[in-house]
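Asks: Pasting the sequence and the predicted model now:
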Amino acid sequence: MKVLRAVAFAACLTIVLTPPAADAQILPSEPFSFAGGRVTIGGDVSATFGELDPGWFDYTDYQHSALRMLRIDVSTAVNAGAHVTLLAQVRTENLGMLRPYGLYARLRPWAKRNVDINVGRVPPTFGAFSRRTYANDNPLIGYPLAYQYLTTMRPDAVPANAAELLDRRSSGWRVRYTLGNQQPDRGVPLVTAFRYDTGVQVHAETARLRGTAAVTTGTVANPLFHDDNSGQQIAARVEARPVAGLILGASGARGPFVGATAARGAVGDGHDREFTQTAWGGDVEYSRGHYLLRSETVVSDWRLPIVRPPLLDLPLRAVSTSIEGRYKIAPGLYAAARVDHLGFSEITGTPAQGTLPWDAPVTRVEIGGGFSIVHNLLAKISIQRNTRDGGRAKRRDTLAAGQLAFWF
Amino acid sequence: MTIRTVISFVSFVSVASLVFEPRASLQGPRTASIRGHVELRRVVSAAERRPGVAELGTPADRDRPDLRRSVVYLESAPRGAFETNEGGRAVMDQRNETFVPHVLAITTGMTVDFPNSDRFYHNVFSLSKTQRFDLGRYAAGRSKSVQFDRAGIVRVFCDIHSHMNAFILVFSHPFYAMTDADGRYRIERVPAGIYNVVAWNEGTLSDPKSVTVHDGAITELDFSLR
């Protein structure tokens, strides 16, 4: 029944938006360009409708689910000569406020060397999925858990002890702690797919090797525009392309995670730079013919203030691994699947709680497919099975969704 | 591409196989030529790359497709034209993130090779009603091919590089010609008769022009596309 509803939604959207003839493109098919190609404007629109998600598996904050989202991105590139390009992207979700998502200057000091310096609100350095979150880059509808699932970790509020952290398992969509900001709010994913970094980034590449390093505010889980703990994150990524179709990537990032107010509330002044998030990532992509395979692992270690017993066993580690594949069945038609697991290190709480992962482990299996109505209009359906091992929230849920993605 | 363009071309394709010009025949010993010039009175620019806001670095330079080439063809063909289909091959290269040539005119039954001359993957595909195909991803030095058995317009794209696109115009008769860099064309071996001739450029069609072709003569016919 859920699948039927998702199919019906995708079919309705398709009928509404499909041009009368597949060759007769009514919608724009390529970016608008002005000033002899110096200014280009592109767009990405995705409309997603899925089941209610009582287990909060797909929420990106308390109000937004990735399975019920109208997302509109407008991107602009202004080429201001051989050495400077200005890039910007604004985004609205569910027709809410228009937000500047990316806004930076790309400087190329040597016109003939592949070295760029990005300054401003720059694309994420860490990971592989973080720069392909657009609907047309994602063969399925859900996001990998590492980039979307809300853990119980908060940068502005911390648990007083292990018992309090264990007590909050599975409530990352709306969690509250006794130290720091005591208002309930969402936790963070391991790496957010929904915000760009702010800072300076250097990128260099050759035919087979690419490297990027950045100094930004916040951390990969909580990128910030204004720093809240006087500490900068350092992130780096190396990507090798030894043969066509094979991409091997490794990433690392480290920065102060806990905000100054929360750190002060827990252990007093002067310690906020000690409570860090350190993340490591490895990813591989291989494609050939009609196959595309991807796998990514993200490991995140958090160090939080230790206040009172039962003590937190630091670092608090989360490990996520996803494997996804896409196969093109026929022109314009593909099938895809992703298997994803998010696990957490164990800590010991009260005798009644015992030793448990500090948040409830989650496994997601998602299968689906897409059909291209025209080359830049894609209808997708998917069904995902979520399983959570523990916590108070609903532990299992099967969610179907349909999505229409359009880009130019 | 406008709806009118598609409808016009599809009409041509479907009607051409049924409506023969009664006063013309391929059997006659003497044939003629139609030649002329296609003037482009509009500015056509190649598709730009999408703004790569999520990219970490500046994308590499790429070639620009030649959009000045037009195709001129007979809207209806002489009797017997459809019996001369002999297959053959044509090449549409993928070079420096550009299809070369950007426009290819072929007859039904021909096979088009799509070699990849870049260091990285390309993925040629088309969702056109005339011919749907997806060649998958393949690396430098490799080539895949498609045989085109139906007349019509085939819009070709790369699944990896969204700014790459090209046209293949598939005719059910041999009476067509591509313009050169100066816009000049010449359709050879046209039997004497009265024909409607059309010019096409980047999805825009001219109004059909009626022309009378005499045995052994060269008929001049110019077009202007806005």
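Replies: The structure has been received and is ready for your questions. Residues are numbered from 1 along each chain as shown, chains lettered A, B, ... in the order given.

Asks: Can you show me the helices along the stretch 1-150 of chain A?
Replies: Ranges of helices within the stretch 1-150 of chain A are A:2-17, A:145-148, based on DSSP state H, counting those that start in this stretch.

Asks: correction: the stretch 151-300 of chain A
Replies: Per DSSP H, counting those that start in this stretch, the stretch 151-300 of chain A carries helices over the ranges A:162-167, A:260-267.

Asks: before we move on, back to that, lowest average confidence across the helices of the stretch 1-150 of chain A, which one?
Replies: In terms of mean pLDDT, the lowest-scoring of those is helix A:2-17 (a mean of 50).

Asks: could you show me where the strands are in the stretch 51-200 of chain A, in order?
Replies: For the stretch 51-200 of chain A, strands defined by DSSP state E, counting those that start in this stretch occupy the ranges A:68-79, A:84-93, A:99-107, A:115-122, A:157-158, A:179-180, A:197-205.

Asks: The helices of the stretch 151-300 of chain A: which one's closest to chain B?
Replies: helix A:260-267 (30.4 Å; Cβ to the nearest Cβ). Just so you know, the C-beta spots here come from the backbone N, C-alpha and C atoms, and that holds for glycine as well.

Asks: nearest residue to the residue in the stretch 1-150 of chain A that chain B sits nearest to other than its sequence neighbours?
Replies: Ranking the residues of the stretch 1-150 of chain A by distance to chain B (Cβ to the nearest Cβ) places residue A:77 first, at 3.6 Å. Nearest residue to residue A:77, sequence neighbours excluded (Cβ to Cβ, 6 or more residues apart in numbering or on different chains): residue B:51, at 3.6 Å.

Asks: and the gap between that neighbour and residue A:91?
Replies: Going from residue B:51 to residue A:91 by Cβ to Cβ, to the nearest Å gives 13 Å.

Asks: quick one, which of those two is more surrounded?
Replies: Per other Cβ atoms under 10 Å in any protein chain shown, whichever of residue B:51 and residue A:91 has more neighbours is residue B:51, with 25 against 18.

Asks: Contact partners for that one?
Replies: Applying Cβ atoms under 8 Å, 6 or more residues apart in numbering or on different chains, one finds that residue B:51 lies in contact with A:31, A:40-42, A:75-77, A:87, A:89.

Asks: Can you name the element that comes right after the helix or strand of chain B with the lowest mean pLDDT?
Replies: For chain B, counting by mean pLDDT, DSSP states H and E, strand B:21-25 ranks last in confidence among helices and strands (a mean of 41). Sequence-wise, the next helix or strand downstream of strand B:21-25 (DSSP states H and E) is strand B:31-40.

Asks: strand partners of the next helix or strand after that next one, parallel vs antiparallel please.
Replies: The element immediately downstream of strand B:31-40 (helix or strand, assigned by DSSP H and E) is strand B:71-74. Next to strand B:71-74 in the sheet, as set by DSSP bridges, lie strand B:176-178 (antiparallel), strand B:193-201 (antiparallel).

Asks: Can you pull out the residues in contact with strand B:71-74?
Replies: Here strand B:71-74 makes contact (Cβ under 8 Å, 6+ apart) with B:34, B:36, B:38, B:103, B:105, B:169, B:171, B:173, B:175-179, B:185, B:187, B:190, B:195-201, B:223.

Asks: avg pLDDT for it?
Replies: The pLDDT scores in strand B:71-74 average 97.

Asks: got the CA coordinates for it in PDB?
Replies: In PDB, the C-alpha atoms belonging to strand B:71-74 read as follows (Å, rounded to 0.1, in the frame of the first residue of the first chain):
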ATOM      1  CA  VAL B  71      21.100  21.000 -42.400                       C
ATOM      2  CA  VAL B  72      19.200  21.500 -45.600                       C
ATOM      3  CA  TYR B  73      16.900  18.800 -46.900                       C
ATOM      4  CA  LEU B  74      14.100  17.900 -49.200                       C
END
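
Asks: gap between that strand and the chain center?
Replies: Computed by Cα atoms, centre = their mean, to the nearest Å, the separation of strand B:71-74 from the middle of its chain amounts to 9 Å.
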